[in-house]
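K.L.:
Fold the stuff below for me.
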Amino acid sequence: MDLAAIIIAVAFAVLVGYLVPMVLQVKRSHGQAERLLIRLNHELPGLLKDVKGTNENIRSLTDHARLGVDRATIFLNAVGDVGQTVNQVHQAVRGKGGALAVGFTSLLAGLKAATSTVRKRVHKEKEGGSSYGD
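P.N.:
Alright, predicted model coming up:
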């Protein structure tokens with residue numbers, strides 16, 4: 001019986017020897033987790049606000065880029081119209097010597113049309129409308 005009591009006492013001591021450090025480690029882990037959650041509660045709202053601000057900035061930059069592309073498209077279309085008119089004048093002058101007046105008139109009409117188109121679209125954009133016929 002004495003041997004059995006000694007074995008039980010040693011087993012209990014070994015068990016306590018393993019359980020005490022384990023309980024202390026669980027307690028430390030719990031404290032660290034609690035501090036982490038407190039820190040996250042303080043920092044996360046600021047991070048989310050920064051992310052929203054960045055998203056709004058990106059959206060604004062995208063809108064500005066889209067507006068720039070629209071303006072460039074208007075300008076390039078007007079330049080293309082002028083180029084076509086110049087080409088027509090060139091064809092007329094080259095093909096017929098007497099058609100110079102007609103070609104010059106066509107050139108002026110093309111320039112007038114291109115200028116009018118650009119003015120209308122720029123005026124529409126200043127009023128807040130779209131340049132796509134809104």
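
K.L.:
Now find how far off-centre the helix or strand encompassing Ala113 is within its chain.
P.N.:
Assessed by DSSP states H and E, Ala113 sits inside helix 100-126. Distance, stretch centre to chain centre, for helix 100-126: 36 Å (CA atoms, centre = their mean, to the nearest Å).

K.L.:
Next, the buried residues of that helix.
P.N.:
Of all the residues in helix 100-126, those buried under the rule 16 or more other CB atoms under 10 Å are Gly103, Ser106, Leu107, Gly110, Ala114, Val118, Arg121, Lys124. For glycine as for every other residue, the C-beta is placed from the backbone atoms N, C-alpha and C.

K.L.:
Who are the contact partners of the fifth one?
P.N.:
Pointing back at Ala114 there. Each residue near Ala114 by CB atoms under 8 Å, 6 or more residues apart in numbering is listed here: Ala78, Val79, Asp81, Val82, Thr85.

K.L.:
hmm, 7 Å instead?
P.N.:
Ala78, Asp81, Val82 (CB atoms under 7 Å, 6 or more residues apart in numbering).

K.L.:
who wins for neighbours among those residues?
P.N.:
In terms of neighbours by other CB atoms under 10 Å, those top out with Ala78 at 20 neighbours.

K.L.:
Now name the helix or strand holding that one.
P.N.:
Going by DSSP H and E, Ala78 is part of helix 2-95.

K.L.:
And the average pLDDT for that helix is what?
P.N.:
Mean per-residue pLDDT for helix 2-95: 88.

K.L.:
chain center to that helix, what's the gap?
P.N.:
14 Å.
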